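S.K.: Got a sequence here, can you build the structure:
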Amino acid sequence: MMMRSKIHEYGALMYSIAVLCAGAVALWFGASFNTTTASSSKTVNAAPAATFAGTGVGAIPDNAPGTPLNVTFNVTGISGAPTNVEVSHTYGPNHTWVGDINCWLIAPNGTSFVIYGRTGQTGASAGDSSDLSGPYNFKDSAAGTNWWTAANTAGAAVVVPPGDYRTTQTGPQPVITTSPVTNLSAAFSGVSNPNGTWTLRFTDNGGGDTGSISAATLTIAGASAPLGRSFALGAPAHRSKPASHRRDFAVRGYFLPRATPLGLRFTCPAHRGRLGPVYVRKHKGGMEDGRYGSGETGDL
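M.R.: Predicted coordinates for the structure are as follows:
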């Protein structure tokens, strides 16, 4: 009887040891596949956008293509080639007959790009007869009526509506109602050093209609910074490659549109290669929140 009792006690002891061992193995096995993300954050600086006021505003010489009005901008403090360029100007007094005017932007290195020109002109015609007031803001993000369409719709001696417009090809064009839009920022992406004197040039190519430029601004955003820099975000809390691996970061000081590429790549010690590129995920006031991850569509 005592022998049977000791056998039972020994069996119970062995069973307990087996259970404890199994639990330990399970804990170790689970820990080796733990995909908990270690939380860490970094702050990076986005590309600053600066706006510069034009000088030299005044009357556009009438019917004098060889004698332009040059409005200049002294650009300083921009790092790297421009990633976004916007230009705005206002006529005052109004200039009659928009079809007379050519307007283009010139970078410090001589790169020149048409903002608009000979609006509404087809063949040997004198162009559109509507008037200019402003402000007119030319930017690649503008969505709405084509510049030529707006002028044609306004009609003779009626002001082209102020607002945001895309840049367009100069006339003559096949029809008076539209001209192909162009890409303002891309035209200056090869300007390695945007600092210096930019020029917004106006010429009048027909007699009898006059006007002046009363104000102008130029907005330029440089390259994202820092470029090519590594950020150590700390070792992840996992032993195996997780299904997702994310780190949050903040971009302070400047507004960036959603899904803007920042030109940054983060390296994870537990992965081969790099995770990236990094994109802005959302914005809150003056702060941009972003994250990078592997295996997460929408972030990469």
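S.K.: Buried ones in stretch 192-199, by neighbour count?
M.R.: Pro194, Trp198, Thr199 (16 or more other Cβ atoms under 10 Å). For the C-beta atoms, the positions are set from N, CA and C on the backbone; glycine is no exception.
S.K.: pLDDT, secondary structure and distance to Thr72 added to those, as CSV?
M.R.: Shown next, in CSV, are these (pLDDT from 0 to 100; DSSP: H, G, I helix; E, B strand; the rest coil; distance: Cβ to Cβ, whole Å):
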residue, pLDDT, secondary structure, distance to Thr72
Pro194, 97, coil, 14
Trp198, 98, strand, 7
Thr199, 98, strand, 5
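S.K.: and which of these is nearest Pro135?
M.R.: Nearest to Pro135 among these: Trp198, at 17.7 Å, using Cβ to Cβ.
S.K.: The closest one: what's its closest spatial neighbour, skipping adjacent residues?
M.R.: Phe73 (4.4 Å; Cβ to Cβ, 6 or more residues apart in numbering).
S.K.: which residues touch the one you found?
M.R.: Phe52, Ala53, Gly54, Thr55, Thr197, Trp198, Thr199, Leu200, Ala216, Thr217, Leu218 (Cβ atoms under 8 Å, 6 or more residues apart in numbering).
S.K.: So, low pLDDT: which residues of this protein?
M.R.: Along the chain, segments meeting pLDDT under 70 span 1-47, 224-300.
S.K.: Tell me how the chain divides into domains.
M.R.: Using automatic domain parsing, the domains assigned to the chain come out as 1-32, 36-46+226-300, 49-221.
S.K.: distance of His95 from Gly155?
M.R.: The spacing between His95 and Gly155, counted by Cβ to Cβ, to the nearest Å, is 16 Å.
S.K.: Check Val175 too.
M.R.: Distance, Val175 to Gly155, by Cβ to Cβ: 16 Å.
S.K.: Next: Leu200.
M.R.: Applying Cβ to Cβ to Leu200 and Gly155 gives a distance of 27 Å.
S.K.: Between those two, which has more neighbouring residues?
M.R.: Taking other Cβ atoms under 10 Å, Leu200 and Gly155 do not tie; Leu200 has more neighbours (25 against 11).
S.K.: Stretch 131-144: which residues count as buried?
M.R.: Using 16+ other Cβ under 10 Å as the test for burial, stretch 131-144 gives Asp131, Leu132, Ser133, Gly134, Pro135, Tyr136, Asn137, Phe138, Lys139, Asp140, Ala142.
S.K.: May I see those residues organised as JSON lines, with distance to Asp100 added?
M.R.: Output for the buried residues of stretch 131-144, formatted as JSON lines (distance: Cβ to Cβ, whole Å):
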{"residue": "Asp131", "distance to Asp100": "11"}
{"residue": "Leu132", "distance to Asp100": "9"}
{"residue": "Ser133", "distance to Asp100": "15"}
{"residue": "Gly134", "distance to Asp100": "16"}
{"residue": "Pro135", "distance to Asp100": "19"}
{"residue": "Tyr136", "distance to Asp100": "16"}
{"residue": "Asn137", "distance to Asp100": "21"}
{"residue": "Phe138", "distance to Asp100": "18"}
{"residue": "Lys139", "distance to Asp100": "24"}
{"residue": "Asp140", "distance to Asp100": "26"}
{"residue": "Ala142", "distance to Asp100": "23"}
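S.K.: Sort out which of these are in strands and list them.
M.R.: Tyr136, Asn137, Phe138 (DSSP state E).
S.K.: returning to what we had before: how close does the residue nearest to Trp198 sit to Tyr136?
M.R.: 16 Å.
S.K.: Apart from its chain neighbours, what residue comes closest to Ala187?
M.R.: Phe113 (4.1 Å).
S.K.: Correction: the previous question concerned Ala216.
M.R.: Excluding the flanking residues, the one nearest Ala216 by Cβ to Cβ, 6+ apart is Gly54, at 3.4 Å.
S.K.: Next: Pro172.
M.R.: Gln121 (4.6 Å).
S.K.: you'd agree that neighbour is up against Gly127?
M.R.: Yes - between Gln121 and Gly127 there is a contact at 3.9 Å, judged by Cβ atoms under 8 Å.
S.K.: any common contacting residues for those two?
M.R.: Gly99, Gly171.
S.K.: for the stretch 1-150 of the chain, what spans make up the strands?
M.R.: Using DSSP state E, counting those that start in this stretch, the strands of the stretch 1-150 of the chain run over 43-45, 49-53, 58-59, 69-75, 84-91, 101-106, 112-117, 136-138.
S.K.: Turn these into CSV, columns for distance to Ser212.
M.R.: Shown next, in CSV, are the strands of the stretch 1-150 of the chain (distance: least, Cβ to Cβ, whole Å):
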stretch, distance to Ser212
strand 43-45, 40
strand 49-53, 16
strand 58-59, 4
strand 69-75, 8
strand 84-91, 7
strand 101-106, 12
strand 112-117, 17
strand 136-138, 14
